[in-house]
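In: Let's see this in three dimensions:
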Amino acid sequence: MTPTPEVERAAAEAIDAANAEDPTSLLVDGVEVPTQLLLGRLASEWVGRLDPGASASQRIAARGHHLRRWESPRSDYPAGRAGYLRWRRDQKARHAADLAGLLTGVAPVAGAAAGVILGGPPPRPLVWLGVALVASGLALGLPASRHPRPAPQGAENGQTRSKA
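Out: Numbering: from 1, shown residues only. All right, here's what the predicted structure looks like:
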């Protein structure tokens with residue numbers, strides 16, 4: 001199923017909200033922007049530039065490809081090829097699970113709202129109850145705390161900054 005524009009917009013907003021919590025930032029035009037928020041937006045933008053016919057699913061995947069990446073830094077793994085490959089494998093699995101969990105509630109909410117906006121009948125109370133259950137399950141399932149990580153290498157030259 002191809003995501004509707006409403007679902008794509010809701011997915012992008014959910015990904016951006018998660019990545020806005022990145023404790024590191026980059027200076028862009030004099031404004032500090034959370035690193036993963038910026039990288040997700042740029043990746044999505046580049047997919048659209050390189051392939052104007054890219055699907056909404058491809059743009060969503062690009063936007064979420066580094067979802068909350070700061071939570072599992074490369075430095076937590078051994079140096080060398082084996083450590084890198086293990087880190088990449090773990091990142092792929094974590095990103096897939098995190099992104100699936102984050103997007104689980106997007107389609108029902110967007111679908112229910114879009115139906116009303118497009119002139120359809122309002123969803124019945126059980127539909128809204130289901131949406132509320134999904135949303136509360138997501139809220140309760142998200143990690144409760146975020147532990148700031150040290151600034152990445154290169155912070156001393158002013159290109160990256162760690163939020164206090």
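In: where exactly do the helices run in the protein?
Out: 5-19, 35-50, 56-63, 81-103, 106-117, 125-141 (DSSP state H).
In: what angle sits between the fourth one and helix 56-63?
Out: Between helix 81-103 and helix 56-63, the angle formed by their directions is 130 degrees, by axes from the mean of the first three to the mean of the last three C-alpha atoms, to 10 degrees.
In: What is helix 81-103 packed up against?
Out: helix 5-19, helix 125-141 (3 or more C-beta pairs under 8 Å, 6 or more residues apart in numbering; DSSP states H and E). Just so you know, the C-beta spots here come from the backbone N, C-alpha and C atoms, and that holds for glycine as well.
In: residues of it that come out buried?
Out: Along helix 81-103, these residues count as buried under the neighbour rule (16 or more other C-beta atoms under 10 Å): 87, 91, 95, 98-99, 102-103.
In: same check, this time on the second one
Out: Taking 16+ other C-beta under 10 Å as the neighbour-count basis, helix 35-50 is seen to contain the buried residues 35-41, 43-44, 47.
In: repeat for the shortest one
Out: Within helix 56-63, the residues scored as buried using 16+ other C-beta under 10 Å are 56, 59-63.
In: Can you tell me which of the residues you listed is nearest N19?
Out: The nearest member of the buried residues of helix 56-63 to N19, counting by C-beta to C-beta, is R63 at 8.6 Å.
In: Apart from its neighbours in sequence, what residue is nearest that closest one?
Out: In space, and not counting its chain neighbours, R63 is closest to S44: 4.0 Å by C-beta to C-beta, 6 or more residues apart in numbering.
In: mind checking how far the one you found is from Y77?
Out: According to C-beta to C-beta, to the nearest Å, S44 and Y77 sit 27 Å apart.
In: now L99
Out: For L99 relative to Y77 (C-beta to C-beta), the value is 21 Å.
In: Next: G64.
Out: Plainly put, G64 is 22 Å away from Y77 if you go by C-beta to C-beta.
In: These two: which is more packed in?
Out: Neighbours per residue (other C-beta atoms under 10 Å) separate G64 from Y77, with G64 holding more: 27 against 17.
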